[in-house]
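*Asks:* Whatever this is, show me its structure:
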Amino acid sequence: MKSDPSKRNPKHFYEFHKRHGHKTEDCHALRLEVADLLEQGHLTELLLEKGKQAYYRNREQGAPPPLSEPKRVVNFIAGGADINITEGLDINKVTYTSGVKFKRITTRSEKRDRALVEDCITFDKADANNMQFSHNDGLVITLCILDTNIKHFFVDQGSAANIINIRVIEEIKLTSNIIHKSVMLPRFNNSTKRTPGEIILPVVAGGVELQTAFSIMSSAIAYNMIVGHPWNHAMKAVPST
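*Replies:* This next block holds a predicted model:
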């Protein structure tokens, strides 16, 4: 049991683990294991008669029918009566023509990358053994910066910025490496924040060292460091919880 022993309910006893904390019938992991065994055709002799009827009825019905083809496709909306999509239109600093060019480059890159598919890392159900599902935890890990392991390192797939707490820089004694470059971070912690500077640090993950630029945050944040999707792309990594 992974929970803090001091916070477990002493009135509830889990027979399998021989520990206090919750009742056997309330164990979420056990329910998932039983459901998985039932899906494989085991334990059916333990079902009540009504449950057996429902189980075999669902097995006979088989897999649900595939989803129907979409009725329509929405490609791009540049709203407003005065806006016309024309050749060379500048949208978010990407022209329409360069966007088409980028699509062609991406297509060629995808064809080339198919040759590397054998080097891809894949996962199966065995990789999820001993994990507690379902959870809504963020991906918080420990990564190495120079000669220091930094804990509470949040991998945020929704962030376009890499952020570091000023106290981390002070702790690893790299304040002299701060670059005085201030930027605005909109919608950070439900407000707009201005950073006092940035710093470039080598982040080591999975044997790969990547020089990464971090915006410095002097106000209180919940994590020591945050890396966003640009770092994930540069690392060619797929975050998973």
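
*Asks:* How far off centre is the strand or helix carrying residue 12?
*Replies:* Using DSSP states H and E, residue 12 sits within strand 9-14. The chain centroid and the centroid of strand 9-14 are separated by 33 Å under Cα atoms, centre = their mean, to the nearest Å.

*Asks:* Given it, what are its sheet partners and their directions?
*Replies:* Note on strand 9-14: by DSSP bridges, its sheet partners are strand 19-21 (antiparallel).

*Asks:* Can you name the residues in contact with the strand it pairs with?
*Replies:* For strand 19-21, the external contacting residues (Cβ atoms under 8 Å, 6 or more residues apart in numbering) are 1, 3, 5, 8, 9, 10, 11, 12, 13, 14. All C-beta spots, glycine's among them, are computed from the backbone N, C-alpha and C.

*Asks:* mind listing the strands for this protein?
*Replies:* Per DSSP state E, the chain carries strands over the ranges 9-14, 19-21, 90-91, 94-95, 139-145, 148-155, 163-165, 184-188, 191-194, 198-205, 208-217, 225-227.

*Asks:* that older thread, tell me the buried residues in the strand holding residue 12?
*Replies:* By neighbour count on 16 or more other Cβ atoms under 10 Å, the buried set for strand 9-14 is residue 14.

*Asks:* Using PDB, write out the CA atom coordinates for it.
*Replies:* In PDB, the C-alpha atoms belonging to strand 9-14 read as follows (Å, rounded to 0.1, in the frame of the first residue of the first chain):
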ATOM      1  CA  ASN A   9      -8.100   4.600   8.700                       C
ATOM      2  CA  PRO A  10      -7.400   2.100  11.600                       C
ATOM      3  CA  LYS A  11     -11.000   0.900  11.500                       C
ATOM      4  CA  HIS A  12     -10.700  -0.500   8.000                       C
ATOM      5  CA  PHE A  13      -8.600  -3.700   7.300                       C
ATOM      6  CA  TYR A  14      -7.400  -4.800   3.900                       C
END
